[in-house]
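Asks: when you get a sec, could you give me coordinates for this:
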Amino acid sequence: MTLLFKIAWRNIVRNRRRSLMTASAVAAGALAMLLFLGYTTYIFLGMETGNVQRIGHLSVFRAGYFLYGTGNAAAYGIDRYQDVISLIAHDPVLRPLVNVLTPTQSLMGIAANYTGDNAASRTFIGIGLIPSDRDRMRRWDQYGIGRVSAAEPRMSDADESRGLIGTGLARILNLCAPLALPDCPPAVTPAVTADHPDVVHEDLTELARRESAPNSARRPDAPRIDLLAATVGGAPNVVSLNVSGAQPQGVKELDDAFVLMHLGLAQQLVYGRSEHKATSIVIQLHRGEDMNSARARLTQLFRERHLDLEVRDFAELTPFYGQVVRMFTGIFLFIALVMGMIVLFAVINTMTMNVMERTNEIGTIRAMGLRRSQVRAQFIAEGALIGLIGATVGAVLAAVVAALVNASGLTWVPPGNNVAMPLDLDFIGRPVLAFGTWLALVLVAIVAALLPANRAARLSVVDALRHV
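Replies: Okay, here's the model as predicted:
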């Protein structure tokens with residue numbers, strides 16, 4: 001075997017220019033595929049990190065919520081959710097896997113701002129959570145993406161009256177000036193045509209005064225909005241929210257309607273004086289690799305306790321993630337197909353020329369007793385060596401280019417985000433796919449050498465010796 005590759009190396013060196021061009025084609029294919037692989041790896045891991053920081057790995061809902069509950073989240077609340085949390089937290093299988101275990105409450109309603117001269121209202125989509133748990137979730141960074149957020153000082157476990165809204169909703173509710181938001185033009189308010197424009201304002205204010213909890217008192221350092229929603233029994237309910245700040249959401253439709261509040265305030269708005277429930281129990285794990293086993297254990301646990309609950313992972317809750325993964329996977333396969341065809345025909349052309357130029361040599365070695373299989377193996381070894389050298393050089397170049405890009409400080413805005421993030425190319429982080437790409441190109445070069453090698457092996461000794 002060593003002698004075979006020594007001869008193959010000498011034959012490659014004998015046609016330096018042709019071999020160099022073919023190896024360059026293989027290297028270009030490896031470079032393009034590995035760089036795109038590094039780019040897609042960064043996108044996938046970045047999107048997974050963002051989703052896990054926001055909604056965790058797994059979410060526990062009441063059965064049926066995933067299909068029907070978003071239209072009436074209060075009706076699908078989890079009864080005695082604290083007992084369910086305790087059950088999960090004390091399970092010997094799940095306890096070492098769980099990083100954060102926290103309840104959330106989803107709700108919809110109308111947000112209104114009637115302070116000042118420009119009254120405005122808008123439907124909102126809200127989420128109630130425990131601020132300290134949210135801060136812990138935002139520090140999750142298993143893959144070293146670097147998207148670790150600092151603790152949010154504008155919300156506190158001790159103050160249920162404080163919350164955040166989307167920058168679009170702040171603009172619609174004329175809160176740009178009170179919140180000191182940049183690039184927020186003043187609203188152009190049309191003339192009021194209602195016969196009694198102050199009636200709605202007075203009704204909402206009085207309802208908010210009667211229904212709001214003592215810890216929802218207005219803060220002088222923050223603007224206040226009123227949130228109107230229907231309770232689980234269908235009655236209207238209003239609470240006041242002291243807006244501590246605004247956060248851009250990346251998607252305009254969500255940015256124009258987003259409200260983030262304390263879990264207690266959200267439960268007060270949805271359930272009033274009734275029993276407080278939770279829409280979901282969010283579970284963030286230490287490692288994403290444990291998600292399937294944790295989900296299986298949760299399903300088994302709920303079945304054993306006869307709990308009417310279901311478990312969904314972050315990919316099911318955010319279909320956009322799966323769409324992006326499938327799209328970039330398809331693009332990568334297309335690039336791999338194009339590069340594979342280029343390598344295939346480049347190696348076939350080179351090896352065919354080698355066979356034609358060495359016909360007399362093939363006849364001579366065959367006359368000296370070399371078998372057809374040995375002639376075939378010699379040309380296959382040359383193709384394999386060209387593919388091996390080209391793929392290795394391409395992989396090294398890809399690693400160098402990736403290191404330069406990572407050190408250059410380039411940034412980009414990921415899908416569904418509005419904050420620029422560092423751009424990293426990391427194909428080394430997926431060694432199986434990187435090695436698979438390298439091996440695939442080597443195999444393509446070997447397959448491409450088979451056709452010319454078979455032709456060389458089938459040559460008649462007499463015809464080959466008299467070939468001119």
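
Asks: what are the ranges of the helices in the stretch 301-450 of the chain?
Replies: Counting by DSSP state H, counting those that start in this stretch, the stretch 301-450 of the chain has these helices, from start to end: 314-317, 319-357, 359-367, 372-407, 431-457.

Asks: check those for me: which has the lowest mean pLDDT.
Replies: Note on the helices of the stretch 301-450 of the chain: helix 359-367 shows the lowest mean pLDDT, a mean of 81.

Asks: what's the spacing between the longest strand anywhere in the chain and its chain's center?
Replies: Assignment by DSSP state E gives strand 98-113 as the longest strand of the chain. Averaging C-alpha positions (C-alpha atoms, centre = their mean, to the nearest Å) puts strand 98-113 22 Å from its chain's average.

Asks: return the set of buried residues in it.
Replies: For strand 98-113, the neighbour count (16 or more other C-beta atoms under 10 Å) marks 98-109, 111-113 as buried. Using the backbone N, CA and C atoms, a C-beta is placed for each residue, glycine as well.

Asks: could you export the helices of the stretch 301-450 of the chain as CSV, including distance to L31?
Replies: Listed next are the helices of the stretch 301-450 of the chain as CSV, based on distance: least, C-beta to C-beta, whole Å:
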stretch, distance to L31
helix 314-317, 31
helix 319-357, 9
helix 359-367, 34
helix 372-407, 4
helix 431-457, 11
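
Asks: out of those, flag the one nearest C176.
Replies: helix 319-357 (28.9 Å; C-beta to C-beta).

Asks: tell me which residues in that closest one are buried?
Replies: So, applying 16+ other C-beta under 10 Å, buried residues of helix 319-357: 321, 324-325, 328, 332, 335-336, 339-340, 342-344, 346-352, 354-355.

Asks: ok, now stretch 53-63?
Replies: 53-62.

Asks: do the same with stretch 247-260
Replies: Going by neighbour count (16+ other C-beta under 10 Å), the buried part of stretch 247-260 is 247-251, 255-260.

Asks: closest one of those residues to R430?
Replies: Nearest member of these to R430, counting by C-beta to C-beta, is G250, at 26.1 Å.

Asks: and that closest one, that one's in a helix?
Replies: No. Assessed with DSSP: H, G, I helix; E, B strand; the rest coil, G250 is coil; it does not lie in a helix.

Asks: now the element after the longest strand of the chain, going C-ward?
Replies: Following strand 98-113 in sequence order, the next helix or strand is strand 120-129 (DSSP states H and E).

Asks: tell me who's in contact with R312.
Replies: Taking C-beta atoms under 8 Å, 6 or more residues apart in numbering, we find R312 in contact with 58-59, 61, 66.

Asks: how much space separates it from Q267?
Replies: 21 Å (C-beta to C-beta, to the nearest Å).

Asks: again, but for A229
Replies: For A229 relative to Q267 (C-beta to C-beta), the value is 11 Å.

Asks: between those two, who's got more neighbours?
Replies: More neighbours surround Q267 than the other of A229 and Q267, with 24 against 21 (other C-beta atoms under 10 Å).

Asks: tell me which element the more buried one falls in.
Replies: helix 263-271.

Asks: now that helix: average pLDDT?
Replies: 93.

Asks: how far is the next helix-or-strand element following that helix from where the chain is centred?
Replies: Beyond helix 263-271 on the C-terminal side, the first helix or strand identified by DSSP H and E is strand 280-285. In this view, strand 280-285 has its centroid 18 Å away from the chain centroid, taken as C-alpha atoms, centre = their mean.

Asks: check stretch 75-91 too.
Replies: 28 Å.

Asks: low-confidence ranges, the chain, go.
Replies: Flagging of the chain using pLDDT under 70 yields the residue ranges 1, 116-118, 146-147, 186-221, 414-419, 464, 466-468.

Asks: break it into its domains for me.
Replies: Per automatic domain parsing, the structural domains of the chain span 2-48+322-465, 64-307.

Asks: among those domains, which comes closest to E316?
Replies: Nearest of the domains of the chain to E316, taken as C-beta to C-beta: domain 64-307 at 7.3 Å.

Asks: got the end-to-end distance for that closest one?
Replies: Terminal residues of domain 64-307 are spaced 13 Å apart (C-alpha to C-alpha, to the nearest Å).

Asks: coming back round to it: of the helices of the stretch 301-450 of the chain, which is nearest R287?
Replies: Evaluated over these, closeness to R287 peaks at helix 314-317, with 14.0 Å, by C-beta to C-beta.

Asks: now the closest one: buried residues?
Replies: For helix 314-317, by 16+ other C-beta under 10 Å, it's 314-315, 317.

Asks: go ahead and name everything in contact with it.
Replies: Taking C-beta under 8 Å, 6+ apart as the rule, helix 314-317 contacts 48, 51-52, 55-59, 66, 321-322.

Asks: which element is I12 on?
Replies: Short version, using DSSP H and E: I12 is in helix 2-14.

Asks: CA atoms of that helix as PDB?
Replies: Extracted in PDB, the C-alpha atoms of helix 2-14 (Å, rounded to 0.1, in the frame of the first residue of the first chain):
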ATOM      1  CA  THR A   2       2.800   2.400   0.800                       C
ATOM      2  CA  LEU A   3       4.500   1.600  -2.500                       C
ATOM      3  CA  LEU A   4       1.200   2.200  -4.300                       C
ATOM      4  CA  PHE A   5       0.900   5.700  -2.900                       C
ATOM      5  CA  LYS A   6       4.600   6.500  -3.500                       C
ATOM      6  CA  ILE A   7       4.100   5.700  -7.200                       C
ATOM      7  CA  ALA A   8       0.800   7.700  -7.200                       C
ATOM      8  CA  TRP A   9       2.600  10.700  -5.700                       C
ATOM      9  CA  ARG A  10       5.400  10.600  -8.400                       C
ATOM     10  CA  ASN A  11       2.800  10.400 -11.200                       C
ATOM     11  CA  ILE A  12       0.900  13.400  -9.700                       C
ATOM     12  CA  VAL A  13       4.200  15.400  -9.400                       C
ATOM     13  CA  ARG A  14       5.000  14.500 -13.000                       C
END
